[in-house]
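1. take this sequence and fold it.
(2 chains)
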Amino acid sequence: MEAQVRCGPRAVAAGPQWVGKTVSELRKLLARDLQIPAGTAAVISRFGAPGDPVSDDYRLTDGDLLEFTRPAGAKGF
Amino acid sequence: MEGRLPFEQTVIVGLGGITAHLYVPIGELLVHSGVLPKSVVLIDGDDFSERNLGRQGISRQDLGKKKAEVYAQRMGKRFPDLSVRSYPEFLVPKNVEEFIPPGSIVISAVDNHATRLLISKRIQTFKDTLLVSGGNEIWDGNAQIYVKADGRPRTKPIEAVHSEIAEPKDKNPGEMSCEERLAMPGGEQVLATNMMVAAYMVALFQDVVGAWPDWSNGKEVRKVGEVMFDTREYIAAGYVRSV
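-> Coordinates of the predicted model:
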């Protein structure tokens, strides 16, 4: 049983420790390691399928990949 | 690759630090793939200025010149087999239908979400389309695709998991006054980050072109639809964005 959490190019190792935690809990727990931007959306993918947005009270289950999205770059000139 | 793709031209929007490293490989693919259109349209209303020196392959002689015209000259000279047209204007709602007609592949390297949304909404109305969009901050950036083949979206629109594009808080530069444009912060940029965005955009483009026959035949194709990277940490990750 395991889940994975990513944000942009950063990821933490997949494992059972993330299963059962809510998006809100993981957002706080991993904010620094994954450099999660404040208020960013959360997307859940399962088994390599494309993701769908979820709310902060969603609880991770086995096989979930949680993605905290990073904004597209917008540096000019 | 067999069989021409159902496109008439490739439109490159945004001719800044990313496109400086993108136009040559894209030109090579258009000329030599055998399946892509040999017609290019370049769109940008901006002029070259001091802040472009050192990243965009220009000299002081180019300062003040329209980027679209300079790039059209460069591309035409480097790729005589390509038909190259330029529009030295910003892409705005009133010209988007003229500048991006059905049958367009779009390469977007713009620096604002308002224009990204304008492009995305426009191409979603086409039967067949292919968008490659990229952007960067100082050290990190992303490249993403949107594919619609034979009337069926095969990936999510670029704004689907990007609320900043879906509901842009910035302004299209073509809808700003001259004073507003001059007051825009230039921002620090890093040559390598521009190059990384360009490289991933080319990689996604080449990958999608190779997969097009399967997409157009209705096959299930699950591909990376977005790449996010950090130049300083030497890391990147791909995300599936298929429908």
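2. how about low-confidence regions in the chain?
-> Picked chain A for this. A:47-50, A:76-77 (pLDDT under 70).
3. um, chain B though
-> In chain B (pLDDT under 70), the answer is B:1-2, B:185-187.
4. kindly state the beta-bridge partners for B:D47.
-> B:K66 (DSSP bridges).
5. would you confirm that it contacts B:A68?
-> No: between B:D47 and B:A68 there is no contact under CB atoms under 8 Å: 9.7 Å. All C-beta spots, glycine's among them, are computed from the backbone N, C-alpha and C.
6. tell me which of these two has more neighbours.
-> Remark: of B:D47 and B:A68, B:A68 carries more neighbours, 22 against 16, as counted by other CB atoms under 10 Å in any protein chain shown.
7. that one - that's part of a helix, no?
-> Yes: under DSSP: H, G, I helix; E, B strand; the rest coil, B:A68 sits within a helix.
8. pretty sure it sits against B:R85.
-> No: in this structure, B:A68 is not within contact of B:R85 by CB under 8 Å, at 9.2 Å.
9. can you give me the neighbour number for residue 63?
-> Using chain A. Neighbour number of A:G63 under other CB under 10 Å is 17.
10. wait, chain B was what I had in mind.
-> Neighbours of B:L63 (other CB under 10 Å): 13.
11. what is the burial count for the spatially closest residue to B:G103 that is not a sequence neighbour?
-> Spatially, and ignoring its direct neighbours in sequence, B:G103 is nearest to B:E8 (3.7 Å; CB to CB, 6 or more residues apart in numbering or on different chains). Counted by other CB under 10 Å, the residues lying close to B:E8 total 11.
12. residue contacts, B:E8?
-> Each residue near B:E8 by CB atoms under 8 Å, 6 or more residues apart in numbering or on different chains is listed here: B:P37, B:S39, B:P101, B:G103, B:S104.
13. could you measure from it over to B:M75?
-> Distance, B:E8 to B:M75, using CB to CB, to the nearest Å: 17 Å.
14. helices of chain A, start to end?
-> According to DSSP state H, chain A carries its helices in the segments A:23-29.
15. what segments of it are strands?
-> Counting by DSSP state E, one finds strands in chain A at the ranges A:3-7, A:10-15, A:42-46, A:52-54, A:64-68.
16. of all those, which one is nearest chain B?
-> Between chain B and the strands of chain A, the shortest separation by CB to the nearest CB is 5.3 Å, and it involves strand A:42-46.
17. what pairs with the residue most central in space within chain B across the strands?
-> Geometric centre of chain B, nearest residue: B:S108, 2.0 Å, by CA atoms, centre = their mean. Under DSSP bridges, the beta-bridge partners of B:S108 are B:V13, B:S133.
18. need the contact list for it.
-> B:S108 neighbours (CB under 8 Å, 6+ apart): B:V13, B:G14, B:T115, B:R116, B:I119, B:L131, B:V132, B:S133, B:G134.
19. right, I'll leave it there.
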